[in-house]
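# Here you go, sequence then predicted model.
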Amino acid sequence: MNCPKCDAHQPDDAEECSSCGIIFARWRASVERPLPPAAFHDSAAGATTTIPIVPIIAVVLVVLVGLGWTMKRRSARATTSPGAALDAQLNEINNAGLKDRQRLEEESARARRAAYQKEASSLAASVVTFPEGLSSAQARSMIESCSAFQEQTTLTLPKTFSAHLYRFTLDRYPALFPAARDLLVEFQPPLPSIYTSGRSSPPNFAAHSETINVSLTSMGQLKMRTNDLGDEIEIVLGPRQVVSVDSSQSSVHTAGVAFKWSYGDDVADTFQPPESEQRGSANFAKHGRNWQITQVSMWKDARYTTVCSW
């Protein structure tokens with residue numbers, strides 16, 4: 001064998017090198033000793049490296065704490081600014097007003113439904129047949145002779161309004177919302193779509209006071225008959241029409257019917273009132289051999305009223 005230190009040739013059973021004096025047993029023991037478990041030995045470089053875990057964790061914690069503190073400071077500055085406080089106060093006032101308005105609208109709708117159901121129940125209690133000499137077509141023709149079915153029905157839209165008064169503008173011009181929803185009019189500058197496509201009573205803008213211009217779209221010009229009234233746009237829906245006579249109650253000399261009406265214009269579907277407000281009733285009396293209409297009642301201007309009597 002050769003000496004591992006000086007490479008001199010030695011007998012196989014030699015215990016030490018005759019040339020450099022190294023003891024082979026001690027050399028073998030030093031070579032076979034294992035490395036410490038917490039160290040990494042690079043056999044190529046002949047060096048041992050220890051990974052510093054604790055400093056790395058400390059640096060990560062410092063970075064996370066710094067980011068959290070920065071975000072908290074920015075949030076505090078945003079919520080304590082005068083403009084943000086004013087916006088929050090205005091939004092709170094608007095939301096409270098919106099809830100009150102929705103409550104009143106729901107109460108009004110319940111009252112209208114109750115009145116209609118009462119009227120419908122009184123008609124349904126009798127036999128649903130027309131008396132001799134009075135047909136459904138004759139009843140319809142006589143109902144449409146009422147002035148409420150002869151006059152042209154019109155609606156108006158504003159040409160301009162303030163964005164922060166949008167909800168109050170809808171109260172004055174209820175046709176504005178359905179016209180914008182069905183793309184018959186457009187706003188310049190545009191309003192967010194949430195206020196023109198989803199709710200009939202959007203809240204006021206808290207900090208948005210610019211003037212909004214209202215103009216007809218190409219579809220609106222094609223589908224609607226309109227007149228220029230200066231500061232307003234008039235929409236002509238034509239006269240009301242009776243679309244069905246639903247039921248009747250009769251005796252020998254009197255009869256009553258319930259009917260449903262609709263606007264006559266093609267664009268009427270956009271501006272139709274709720275179905276419960278498209279109902280009405282009419283009374284008839286027999287004189288000799290002929291039937292004559294005596295009274296027509298229906299929803300008009302948000303209330304159920306007598307519109308014609310003879």
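That came through, no problem.
# gap between residue 61 and residue 70?
Applying C-beta to C-beta, to the nearest Å, the value for residue 61 to residue 70 is 15 Å. No exception for glycine: its C-beta is placed from N, CA and C like everyone else's.
# Give me the phi and psi for residue 263.
phi -70, psi 150 (degrees, to the nearest 10).
# Bridged to it, which residues?
residue 240 (DSSP bridges).
# Touching, it and residue 240? I think so.
Yes - the pair residue 263 / residue 240 is scored as a contact, 6.3 Å apart, by C-beta atoms under 8 Å.
# overlap in contacts of the two?
Here residue 263 and residue 240 have residue 153 as joint contacts, going by C-beta atoms under 8 Å, 6 or more residues apart in numbering.
# and these two? which has more neighbours close in?
Per other C-beta atoms under 10 Å, whichever of residue 263 and residue 240 has more neighbours is residue 240, with 25 against 20.
# mind checking how far that one is from residue 296?
11 Å.
# Quickly list what's touching both of these two.
Joint contacts of residue 240 and residue 296 (C-beta under 8 Å, 6+ apart) are residue 148.
# got a list of what the spatially closest residue to residue 27 that is not a sequence neighbour touches?
Leaving aside its sequence neighbours, residue 27 sits nearest to residue 4 (C-beta to C-beta, 6 or more residues apart in numbering; 6.0 Å). Going by C-beta under 8 Å, 6+ apart, residue 4 touches 22, 24, 27.
# List only buried entries from those residues.
For the contacts of residue 4, a neighbour count by 16 or more other C-beta atoms under 10 Å gives the buried set as residue 24.
# three-state assignment of residue 277?
Secondary structure state of residue 277, per DSSP: H, G, I helix; E, B strand; the rest coil, is helix.
# what is the closest residue to it other than its chain neighbours paired to in the beta sheet?
Using C-beta to C-beta, 6+ apart and skipping residues adjacent in sequence, the residue nearest residue 277 is residue 299, 4.0 Å away. Assessed by DSSP bridges, residue 299 has beta-bridge partners residue 304.
# can you count the residues close to residue 299?
Residues within reach of residue 299, counting by other C-beta under 10 Å, total 20.
# Figure out the helix or strand that residue 221 lives in.
Using DSSP states H and E, the element containing residue 221 is helix 218-223.
# How about that helix, which residues are buried there?
Residues of helix 218-223 classed as buried: 220, 223 (neighbour count, 16+ other C-beta under 10 Å).
# before we move on, what about stretch 271-280?
So, applying 16+ other C-beta under 10 Å, buried residues of stretch 271-280: 271, 277-280.
# Looking at pLDDT only, which of those scores worst?
Among the buried residues of stretch 271-280, residue 277 carries the weakest pLDDT, at 83.
# Quick check, pLDDT for the residue lying closest to residue 291 once chain neighbours are set aside.
Closest residue to residue 291 in three dimensions, ignoring its sequence neighbours and counting by C-beta to C-beta, 6+ apart: residue 134, at 4.4 Å. pLDDT recorded at residue 134 is 88.
# In contact with residue 134, which residues?
By C-beta under 8 Å, 6+ apart, the neighbours of residue 134 are 250, 255, 284, 291.
# can you list those residues in CSV and add pLDDT?
Compiled in CSV, the contacts of residue 134 are given as follows (pLDDT from 0 to 100):
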residue, pLDDT
250, 77
255, 91
284, 94
291, 93
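# Right, I'll call it a day here.
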